[in-house]
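[1] structure of the sequence below:
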Amino acid sequence: MLVILQFDAASVAVLERMLAAGRLPTVARLRDRGIWHDLHAPATQFAAGAQYTLYSGVPVEDHGLFYPFQWSPDEQRVRYMDAFPAPTTVWERLGRTGTRTLAVDPYESRQPEEAAPGVQVCGWQLHDRVVLQQWSSPPRAYDRLERLFGPPEPVDEVFGRHQVGEMLGLRRRLLRAPGRVADAACRFLDEEPFDLVWLTFCAAHVAGHQFWDLSQLEAADLDPDAVAVLGRALDDVYAAIDRALARVLDAVPPGADVMLVSPVGMDTNSSRADLLPDMLRAILDPQTAAAPMTRSIWRLRASLPVGLRAQVARALPERAALDLAARLELRGVDWSTTRAFAHPAENQGYVRCNLRGRERDGIVDPADADALLDEIADGLRTFVDLDGHPAVESVDRVAPDFGHGARAHLLPDLVVRWTHRTATTLRGVRSERFGTVMRQGVGSGRSGNHTEGDAWALVVPGASRPSTLTRPPRLEDIAATALALSGQPYADLPGAPLLERA
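    Numbers count the residues shown, from 1 in each chain. Sure, this is the predicted structure:
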């Protein structure tokens, strides 16, 4: 049996600090027995694309999925990510040969098109209509769990300013979530054998975004008790995951191979992506740059209270809410005059040309695209925060590293990497050439966000032995390991196994 335990979006710095303090005894025992691998992963450019790569072994340029709401060039609009084909997950691929998989809460996944042997459930520990939708295979598996342990609690994220009471409630839900993963895993492991067990502890992901620090909360609303409780929420969630890991490891048979993995990291939120639409407008259309921003979804978010938007979202059926969110992105854009646009984003910034022959209503001649991208990149580099510190770390072309994949046409043309300074309380940016862009509202309201690198795997051999790699390990190697230990071919994937049969 191979057991993959996904400590999702874990901060290596927080792990090291808590390990030194003795607060993660289960992780410490695994570390003492295992081999730590830093993984090359797409998080530097496409943090949200890492999950699909992790579950399938397919690189981001070949699956093309990098954000929950993506541009559809054929339709000249934004669509929710399930409008695009997804790569085959490793449990679907193994299922075709009879391999049995227990999977709980694969993040940003979708229900398999064909039933795989075993049990797969999603939206169990927590429910989020965007990244943790409810489904199960077989269908009755979810109902069984709900009858035994109760329904999951919602953690649907609404960008904007959060209140202390709301954050205290979120903390309570996140602390309960890891135990629900262990409840489900132990129940099914007690009933039947599995060849692959893949459990995703996503409370660490949500907690990292919301509890990295308390800078997104109004200081006037924070009393000493709230500061004490909320200030240690992230550590408390990590400790809860450690306890749940111990329960799972006690339930798996002796000799199981174990991998503790995280496909992305977490650090302070430095994103200025909500400012990018107006920064781009100032560069490409300076005549209108002084006018108030009217079309950006960030302005809409800033103009409506978080509670009202959350209430509207809850009142809509799930599919209707997702479609509405997609349609609000880039609403009202005049494509007959728009040469480039800011693609929906929350972490890095993404810019895409309205390219003739690629976009349905494209107007930019491909021969002019390089000059346009240079103009945009040069302009973005001139922006600094209002205090004079650089706002942009780099503006990178996507094509050199990702342009040759089967679905590279879905990726943006430029990735804007922001400077490594917290942006939670940022008020705006300015450029001597293009003027000042002020933030509308507070951005996402997250205090933490995904960092470059920090993808890792802790490999603990059981019945197998470590493989000898001829190159640095990659995120794609996780799926290759699952296939190799099951005796299935993986030569069509770029990954190499981190374990091999003894």
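[2] quick check: L126 touching A203?
    Yes: with contact defined as CB atoms under 8 Å, L126 and A203 form a contacting pair (6.9 Å). Any C-beta I mention is one placed from the backbone N, CA and C, and that applies to glycine too.
[3] what is in contact with these two at once?
    Common contacts of L126 and A203, defined by CB atoms under 8 Å, 6 or more residues apart in numbering, comprise 174, 177.
[4] with neighbour numbers in mind, choose between the two.
    Taking neighbours as other CB atoms under 10 Å, L126 and A203 compare with A203 leading, 29 against 24.
[5] dump the residue contacts of that one.
    Contacts of A203 by CB under 8 Å, 6+ apart are 125-126, 174-175, 177-178, 237, 240-241.
[6] adding secondary structure, pLDDT and distance to E346, write the residues you listed out as JSON lines.
    Listed next are these as JSON lines, based on DSSP: H, G, I helix; E, B strand; the rest coil; pLDDT from 0 to 100; distance: CB to CB, whole Å:
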{"residue": "Q125", "secondary structure": "coil", "pLDDT": "96", "distance to E346": "22"}
{"residue": "L126", "secondary structure": "strand", "pLDDT": "95", "distance to E346": "19"}
{"residue": "L174", "secondary structure": "helix", "pLDDT": "98", "distance to E346": "20"}
{"residue": "L175", "secondary structure": "helix", "pLDDT": "98", "distance to E346": "25"}
{"residue": "A177", "secondary structure": "helix", "pLDDT": "98", "distance to E346": "22"}
{"residue": "P178", "secondary structure": "helix", "pLDDT": "98", "distance to E346": "25"}
{"residue": "V237", "secondary structure": "helix", "pLDDT": "98", "distance to E346": "21"}
{"residue": "A240", "secondary structure": "helix", "pLDDT": "98", "distance to E346": "26"}
{"residue": "I241", "secondary structure": "helix", "pLDDT": "98", "distance to E346": "24"}
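[7] just put these in a markdown table and tack on distance to L411.
    What follows is the contacts of A203, written out as a markdown table (distance: CB to CB, whole Å):
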| residue | distance to L411 |
| --- | --- |
| Q125 | 31 |
| L126 | 29 |
| L174 | 32 |
| L175 | 37 |
| A177 | 32 |
| P178 | 34 |
| V237 | 32 |
| A240 | 36 |
| I241 | 32 |
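[8] out of these, which end up buried?
    Listed as buried from the contacts of A203 are 125-126, 174-175, 177-178, 237, 240-241; burial here means 16 or more other CB atoms under 10 Å.
[9] flag the shaky bits of the stretch 301-450 of the chain, pLDDT-wise.
    Applying pLDDT under 70 to the stretch 301-450 of the chain picks out no residues at all.
[10] correct me, but R417 touches A345?
    No: because the distance of 11.6 Å does not satisfy CB under 8 Å, R417 is recorded as not touching A345.
[11] look at those two and report which has more neighbours.
    Taking neighbours as other CB under 10 Å, R417 and A345 compare with A345 leading, 23 against 17.
[12] can you report phi and psi for the residue lying closest to the more buried one once chain neighbours are set aside?
    Leaving aside its chain neighbours, A345 sits nearest to A273 (4.4 Å; criterion: CB to CB, 6 or more residues apart in numbering). Torsion angles at A273 (phi, psi; degrees, to the nearest 10) stand at phi -60, psi -30.
[13] show me the contacts for A273.
    342, 345-350, 416, 418, 443.
[14] from H343, how far out is it?
    9 Å (CB to CB, to the nearest Å).
[15] need the residues touching each of these two.
    What both A273 and H343 touch, as defined by CB under 8 Å, 6+ apart, is the set Y350.
[16] so Q488 sits in a helix?
    No: the assignment for Q488 by DSSP: H, G, I helix; E, B strand; the rest coil gives coil, which leaves it out of any helix.
[17] make sure it is actually in contact with T99.
    Yes: at 7.5 Å, Q488 counts as touching T99 under the criterion of CB under 8 Å.
[18] look up the residues forming beta bridges with Y80.
    Residues in a beta bridge with Y80, per DSSP bridges, are F69.
[19] can you get me a residue count around it?
    Number of residues near Y80 (other CB under 10 Å) recorded here: 18.
[20] and for D213?
    D213: 15 neighbours (other CB under 10 Å).
[21] surely it touches G448?
    Yes: here D213 reaches G448: they are 7.5 Å apart, a contact under CB under 8 Å.
[22] let's see which of the contacts of A273 end up in strands.
    Applying DSSP state E to the contacts of A273, the entries found in strands are 342, 349-350, 416, 418.
[23] in TSV: those residues, plus distance to R232 and neighbour count.
    Listed next are the ones in strands among the contacts of A273 as TSV, based on distance: CB to CB, whole Å; neighbours: other CB atoms under 10 Å:
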residue	distance to R232	neighbour count
A342	36	25
G349	32	26
Y350	34	25
V416	33	28
W418	28	23
